[in-house]
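Visitor: Turn this into a model:
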Amino acid sequence: MAPPGSAHPAFGLGGLTILGGVAGYLKKGSKASLGAGVVCGSLLIGSGILISGENQYEGHLLASGTSSLMSLGMGQRFMKTGKVMPAGIVAALGAVSCAYHVKKTLEWSS
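Guide: Residues are numbered from 1 along each chain as shown. As a prediction, this is how the structure comes out:
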């Protein structure tokens, strides 16, 4: 059975985040990028698994928390450096993901 549509953003952003962390490590040798990418990406994929099962509220809550941390952390970095790639892109994707998952969390809370 295919996962519900609301799990796809969590799976997609989780995979992109892991790939971005690996790319940052391979390109610049950044262990921080690798660690943050793998941890945040894994949390997002885990939230997608929760959403696909019987724990939609918890999955969306986890995804919104993870996305907000990504957005805040990379948003600060973007403001400091002004570099759109990767900080601005990750901050924007995190903000959009956070807004989506907060909306879905509120839907499942009732």
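Visitor: next one: the longest helix seen in the chain to chain centre, how far?
Guide: In terms of residue count, the longest helix belonging to the chain (DSSP state H) is helix 56-81. Here the centre of mass of C-alpha atoms in helix 56-81, compared against the chain's by CA atoms, centre = their mean, to the nearest Å, lies 6 Å away.
Visitor: again, but for stretch 88-100
Guide: 8 Å.
Visitor: One more: stretch 24-35?
Guide: 17 Å.
Visitor: Stretch 95-103 now?
Guide: The answer for stretch 95-103 is 10 Å, by CA atoms, centre = their mean.
Visitor: Kindly report the same for stretch 33-48.
Guide: On CA atoms, centre = their mean, the centre of stretch 33-48 falls 7 Å from that of its chain.
Visitor: Could I get the buried residue list for that stretch?
Guide: Using 16 or more other CB atoms under 10 Å as the burial criterion, the residues of stretch 33-48 that qualify are 33-34, 36-37, 40-41, 43-48. Backbone N, C-alpha and C define where each C-beta goes, glycine included.
Visitor: Show me what the helix or strand following the longest helix of the chain is packed against.
Guide: Once the chain leaves helix 56-81, the next helix or strand it forms, by DSSP states H and E, is helix 89-109. On a contact count with 3 or more CB pairs under 8 Å, 6 or more residues apart in numbering; DSSP states H and E, helix 89-109 meets helix 8-28, helix 56-81.
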